[in-house]
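In: got a predicted model here, sequence first, then my questions.
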Amino acid sequence: MKFLELAKTFDELEAISGRTEITKKLAHLLKTASWQEAAIICYISLGELRPPYEGTQFNLAEKSLIKVVSDLLGYTQEEIKKELAKISDLGQLIGNYNWHPKEDLSIIDVYKELETLENISGGKSQEEKAAVVKKLLKDLDPISAKYVLRIILGKIRIGFSDMTIIDALSWMQEGDKSLRHKLEDAYNRCADIGYIAKILKKDGIEAIEKMGCIVGIPIRPAAAERLPTAEAIVEKLGDCIAQPKLDGFRLQIHVDKTKSKPMVKFFSRNLKDMSDMFPDLVDAVLQLNVETLICEGEAVAYDPNTGQFEPFQITVKRKRKHDIEEMAVDLPLKVFIFDLLYLNGREYLADTHEERRTKLLSIFKSVKDDKIQAIDEVKIKTGQQLLDYFNSMIGQGLEGVVVKRPDAIYTPGKRNFNWIKLKRQEKGHLEDTLDCVVLGYYYGKGKRASFGIGAFLVGIYNDRQDAFETVAKIGTGLKDQEWKELKKKCDSISIGKRPHNVECSKELYPDVWVNPEIVCQIRADEITRSPLHTADKTEKHLGLALRFPRIMGYRSDKSAFDATTAKELTRLFEDQKKK
DNA sequence: CTTGGCTGCCC
DNA sequence: ATTCTGC
DNA sequence: GCAGAATGGGCAGCCAAG
């Protein structure tokens, strides 16, 4: 199959909004393709070349591609950037130009070129990569070039993703969505959509039905919903159980001790392979009394002197490729296992939480090392009990609690109310919002590009310095209409350059500066020391920033100078440390 | 040899 | 991570 | 309610520029 045929279909799909229609068209495309091509189509539709646990890394994205595209089209980078502000992305931009292609490449040709691109590294590699991309784009027609750029950028964003591909595979085979559940079950157990497409095309739905979990290949993780109060959670679930929510990273752990050399693998929440990063946890995991196992836990770093858990910013330092052994000594991890998905050749996905918990505890009997532990769990009957438990967890400096329905099965790949998280922010020190001042805005991508705004910069007032200092960029919380209104308002008070009383790092300079006068309410989960933001920044210490910032509304009754002050922000930060 | 821009991936 | 939107 | 697409702070890694 020619790449152009694929690109044309993508272009048609981009214009369609109805999911069923997208599904049908995609199904037709997959039906026409060979099984090899179908697998590739699945991957590149997601902006990848392989399943997530094998990774796809071009080390080339928008900033670098702007250079390539401006070079190719004969414009300056400034001109391209200006046009990009109006257009959804670089792919769209290049698709609007016209030239005569030199070749008529197949899907497989393009795939191979993309693999070549990935494998370039070392000195001068950026130059080489640019040359490879430029040649590839030149060889292709503009529509194909558009999608090749989007693949390199990591997202096709034309209104479908993996779940629509699953539907399309069903439609390809049966002309309806009747195989959706079987295909989804297989995909949930084996997070490799290209492999699912390949097996379906080669061996049919019978082979898909036989697929189960495989130790060494990640299962799509379940996720928790969120509710604002303990009361609401107990009302929703009735009798339930609660576990501490630790602020580390989620690990899906695979163990196979039946081989001559035992296998231990760790996968991240997004199914990236992190197996080489935690040699200290491998030893601990091997103490579990199992032959084969897939379980899930949260890994958190702790201070070896005090035993205190480290904040996320410290724990995340363990996510690294170099100096692994040294860091394992300085910053040891503990992993708290909260679920069991597979044990000694048997799946536990369809067992209830209670059954999985019992089984989980049974494999810990011989474990002495506290590096690996089954997470605590308490029974909850009332909102008050849950609130008390939550408060005691917060008191220990944890992120909150996760509440679970005891009779629920494990639902891979789904976010639902079987698990509900209650986080610190909901009843903690940042319960009140901060009043921040809009300092400027940034052009956006995709839908936001058409609004002319994608995010905005906010700051607080520092009366000691008589200056506005940045504390966050805000990109979520407004409705589409509200984004347009904010852009209009900003344009009416825009100024050509940074005002003298605004302290801002270069990296955060907005595309459009505005006079500091719009006051908005910002909610966040936490205040952290920031290498970038300037709020409360002095020679002695870094500035402050907000974790997970979002806008809740405006304070038109307040002037910029009545906004939250640096002093107040600092106090909130200090209070937070006291817990 | 150090710094800084950019990228990918944790949350 | 949070949030919004079309279906 | 699902699926998708916007967006955040901040860490390590890679490479080019200084």
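Out: Here it is on my side, so go on. Numbers count the residues shown, from 1 in each chain, chains lettered A, B, ... in the order given.

In: specify the beta-bridge partners of residue A:438.
Out: Counting by DSSP bridges, residue A:438 forms beta bridges with residue A:458.

In: list the contacts of the most centrally placed residue in chain A.
Out: Most central in chain A under CA atoms, centre = their mean is residue A:270, positioned 7.0 Å from the mean C-alpha point. Residues in contact with residue A:270, defined by CB atoms under 8 Å, 6 or more residues apart in numbering, are residue A:52. All C-beta spots, glycine's among them, are computed from the backbone N, C-alpha and C.

In: which SS state does it fall under?
Out: Classification of residue A:270 using DSSP: H, G, I helix; E, B strand; the rest coil returns coil.

In: give me the below-cutoff pLDDT ranges for chain A.
Out: Scanning chain A with the threshold set as pLDDT under 70 gives A:425-431, A:579.

In: try 80 this time
Out: A:425-432, A:578-579 (pLDDT under 80).

In: any idea how far the residue nearest to the centre of chain A is from DNA strand B?
Out: 4 Å (CB to the nearest atom of the strand, to the nearest Å).

In: likewise for residue A:127?
Out: From residue A:127 over to DNA strand B (counting by CB to the nearest atom of the strand), the distance is 13 Å.

In: correct me if wrong, but that residue is in a strand.
Out: No: Residue A:127 is assigned helix when assessed by three-state DSSP, not a strand.

In: show me the contacts for it.
Out: For residue A:127, the contact set (CB under 8 Å, 6+ apart) is empty.

In: per the record, what domains does chain A have?
Out: A:3-153, A:223-423, A:434-578 (automatic domain parsing).

In: closest one to residue A:172 among those domains?
Out: Closest of the domains of chain A to residue A:172 is domain A:3-153, at 4.2 Å (criterion: CB to CB).

In: DNA strand C contacts on chain A?
Out: Residues of chain A lying near DNA strand C by CB under 7 Å from any atom of the strand: A:17-20, A:226, A:250, A:269, A:423, A:476-481, A:523, A:525, A:548, A:550.

In: what residues does chain A put near DNA strand B?
Out: Selection of chain A residues close to DNA strand B by CB under 7 Å from any atom of the strand yields A:55-65, A:154, A:247-250, A:268-270, A:272, A:274, A:312, A:316, A:319, A:506-507.

In: filter those residues down to the ones in strands?
Out: A:249-250 (DSSP state E).

In: intersect the residues of chain A next to DNA strand B with the contacts of DNA strand D.
Out: When contact is defined as CB under 7 Å from any atom of the strand, those meet DNA strand D at A:59, A:316, A:319.

In: derive a PyMOL selection command for the buried subset of the residues of chain A next to DNA strand C.
Out: In PyMOL, a selection of the buried entries from the residues of chain A next to DNA strand C looks like this (16 or more other CB atoms under 10 Å):
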select buried, chain A and resi 250+423+477+478+523+525+550
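
In: I'd assumed residue A:288 was in a strand, is it?
Out: No: counting by three-state DSSP, residue A:288 falls outside a strand, being coil.

In: phi first, then psi, for the residue nearest to residue A:504 when sequence neighbours are not counted.
Out: Excluding its sequence neighbours, the residue lying closest to residue A:504 (CB to CB, 6 or more residues apart in numbering) is residue A:470, at 5.1 Å. Main-chain torsions, residue A:470, degrees, to the nearest 10: phi -80, psi 150.

In: count of neighbours near residue A:470?
Out: Number of residues near residue A:470 (other CB atoms under 10 Å) recorded here: 29.
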